[in-house]
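In: Model the following, please.
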Amino acid sequence: QILAANPARERRNFNGSELNQARLSYFGRAKYDYDSKYIAEVSFRQDGSYIFPEGKQFGFFPSVSAGWVISREDFFKIEPVSTLKLRASYGTTGYDGIDGLTTNIAPFQFQNNYNVVNSFTGAGNGGYVFANSNLTGLAPQNVVPNPDITWAINKTINVGIDMGFLNDALTFSFDYFTTKRSKILVSRGATIPGTFGTGLPQVNIGEQKARGLEFTVSYAKSRGDFDYAVGFNMGYAIDEYVSWPQNTNIQDFQRVIGRPTTGVVTGYVSKGIIRDQATIDALPAGYTQFGAPVQLGYVLVEDIRGDNYTPGADGKVDASDQTVISENAVPRMNFGAPIDLRWKTISLNIFLQGVGPYDKFVRTLNHATGVFQLTDRPYFELWTDAFDAELNPDGKYPGASGSFGGTSQTGTGSTFWMRNGAYVRLKNINLAYSVPQRIIGRIGLRGLQVNLNASNLFTISAFKEHDPEQLELDSYPMFKTYSFGLNFSL
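Out: Predicted coordinates for the structure are as follows:
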């Protein structure tokens with residue numbers, strides 16, 4: 001409720017909202033540690049949420065982990081291994097769709113709900129009419145209630161090993177995990193007749209799984225006044241749909257089960273730029289792409305199906321010729337390499353970062369998997385290397401069009417614009433010098449450090465159209481930055 005407002009006329013405008021949420025959670029944990037050799041922990045949480053009906057509001061989510069430090073056993077005498085630890089864990093969590101103040105699952109789906117409608121809300125039919133007046137009324141929700149709605153459940157298994165060599169100067173850690181997400185709340189793929197009068201509710205039938213690994217290795221050593229430490233870390237993860245509602249009359253390329261939940265791109269298969277008349281003459285008579293005949297400089301798209309997805313080419317390219325052109329359009333592998341060097345009072349810190357191979361598409365704000373020549377963005381540098389039969393017959397990109405044409409010319413979202421998005425970047429470098437006390441003490445300082453810092457100095461990548469971390473041609477690029485700093489204490 002809004003209980004107070006400014007009395008001034010020019011400041012009377014205000015609004016407000018009310019949020020109704022409720023959660024109740026219980027936690028418990030027990031830990032066992034014997035001589036830092038045998039380690040175990042059991043924990044649980046019981047969460048209740050207002051999203052679900054009575055009897056299904058609470059979910060119980062236990063977890064357990066255990067570790068064995070084999071290197072502390074009396075029988076373990078293996079040089080040069082100084083540390084050996086085995087780890088395993090199993091954990092569960094629940095999801096009710098509440099992320100902070102955002103509720104991703106509509107509450108009270110388990111009961112019949114009604115909306116207040118009138119001529120101002122525009123909801124439903126705007127209330128009801130009586131005596132030529134549109135009056136406030138009630139409209140039922142547009143789905144059947146689901147009294148069985150409940151928590152989605154995540155179950156994760158992790159196994160790992162930690163090793164140290166040469167008195168732990170060299171360390172190594174490896175983890176492998178699998179995650180199963182079940183009872184995900186999703187809408188059914190079935191269709192119902194309009195005479196049913198309402199829609200089907202969401203149900204807890206979705207299932208996904210994920211797997212991945214992580215490892216780190218580092219080495220640190222001191223030689224007199226010189227200290228150094230180098231490391232490398234890498235992570236890889238991929239997930240996929242196990243069970244998901246879909247209509248039965250879909251094409252194979254529209255199927256999601258068995259495919260990753262992210263990084264799947266549907267588009268067209270490119271056969272390259274049309275560079276000579278002979279290529280056009282070899283096409284079937286009347287051949288078109290997206291309703292237009294092809295010309296020199298166009299991206300030629302493969303004709304793989306007929307109308308309504310019937311097998312075989314039909315002499316034209318349209319929406320029926322789409323297929324899955326990538327299942328790897330997001331980075332699955334990330335890595336980093338820190339390097340720390342110190343000599344007396346001078347230190348140098350370097351951090352390299354990158355991602356492994358994946359399918360990255362050259363794209364513009366106008367399209368997710370291709371480049372269009374549209375009236376608001378015809379200026380990209382890549383068009384300086386556009387195909388021209390006379391001036392630039394070996395151009396890397398499709399011919400430029402005075403009409404700023406779209407799909408028929410550039411091949412829309414196709415494999416023509418797909419590249420390897422892997423890169424390694426010098427993310428940060430910092431050089432610091434701590435001035436000796438015998439010098440700064442004369443001016444009354446307890447400490448003084450001078451440092452130079454730079455970020456994004458260089459990148460190695462086969463992706464050349466723009467910065468590999470940049471989303472699209474017309475988004476802001478990554479900037480190189482340089483800074484100088486003084487840190488002192490009195």
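In: if you skip the residues just before and after it, what's nearest to Pro331?
Out: Closest residue to Pro331 apart from its sequence neighbours, by C-beta to C-beta, 6 or more residues apart in numbering: Val355 at 3.9 Å. To be clear about C-beta, it is placed using only N, CA and C from the backbone, and glycine gets the same treatment.
In: count of residues packed around that neighbour?
Out: Neighbour count of Val355, defined by other C-beta atoms under 10 Å: 20.
In: do the same with Asn420
Out: 14.
In: That one contacts Phe463, correct?
Out: Yes. Judged on C-beta atoms under 8 Å, Asn420 makes contact with Phe463 at a distance of 6.6 Å.
In: which neighbours do these two share?
Out: Jointly contacting Asn420 and Phe463 under the rule C-beta atoms under 8 Å, 6 or more residues apart in numbering are Lys360.
In: coming back round to it: need the contact list for the residue nearest to Pro331.
Out: With contacts taken as C-beta under 8 Å, 6+ apart, Val355 has the following neighbours: Pro331, Met333, Asn334, Phe335, Gly421, Ala422, Tyr423, Pro468.
In: Kindly report the same for Val242.
Out: Counting by C-beta under 8 Å, 6+ apart, Val242 makes contact with Lys180, Glu207, Gln208, Lys209, Ile257.
In: Can you lay out those residues as CSV showing secondary structure, distance to Lys56 and neighbour count?
Out: Shown next, in CSV, are these (DSSP: H, G, I helix; E, B strand; the rest coil; distance: C-beta to C-beta, whole Å; neighbours: other C-beta atoms under 10 Å):
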residue, secondary structure, distance to Lys56, neighbour count
Lys180, strand, 20, 16
Glu207, strand, 19, 18
Gln208, strand, 21, 19
Lys209, strand, 24, 17
Ile257, strand, 27, 12
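In: If you average the pLDDT over the helix or strand hosting Arg419, what comes out?
Out: Following DSSP states H and E, one finds Arg419 within strand 418-420. If you average the pLDDT over strand 418-420, you get 95.
In: Okay, now the sheet partners of the following helix or strand past it, with direction.
Out: Scanning forward in sequence from strand 418-420 by DSSP H and E, the next helix or strand is strand 423-434. Using DSSP bridges, strand 423-434 pairs in its sheet with strand 346-355 (antiparallel), strand 447-455 (antiparallel), strand 459-461 (antiparallel).
In: winner for burial among those strands?
Out: strand 346-355 (a mean of 17; mean count of other C-beta atoms under 10 Å).
In: ranges for the helices of this structure?
Out: Secondary structure of the chain (DSSP state H): helices at 277-281, 407-410, 437-440.
In: do you know which of the ones you listed lies nearest Gln251?
Out: helix 407-410 (20.1 Å; C-beta to C-beta).
In: Which residue lies closest in space to Gly263, excluding its sequence neighbours?
Out: Closest to Gly263 by C-beta to C-beta, 6+ apart is Val330, at 3.8 Å.
In: And that neighbour, how far from Gly421?
Out: Going from Val330 to Gly421 by C-beta to C-beta, to the nearest Å gives 9 Å.
In: shared neighbours of these two, which are they?
Out: Listed contacts common to Val330 and Gly421 are Tyr358; contacts here mean C-beta under 8 Å, 6+ apart.
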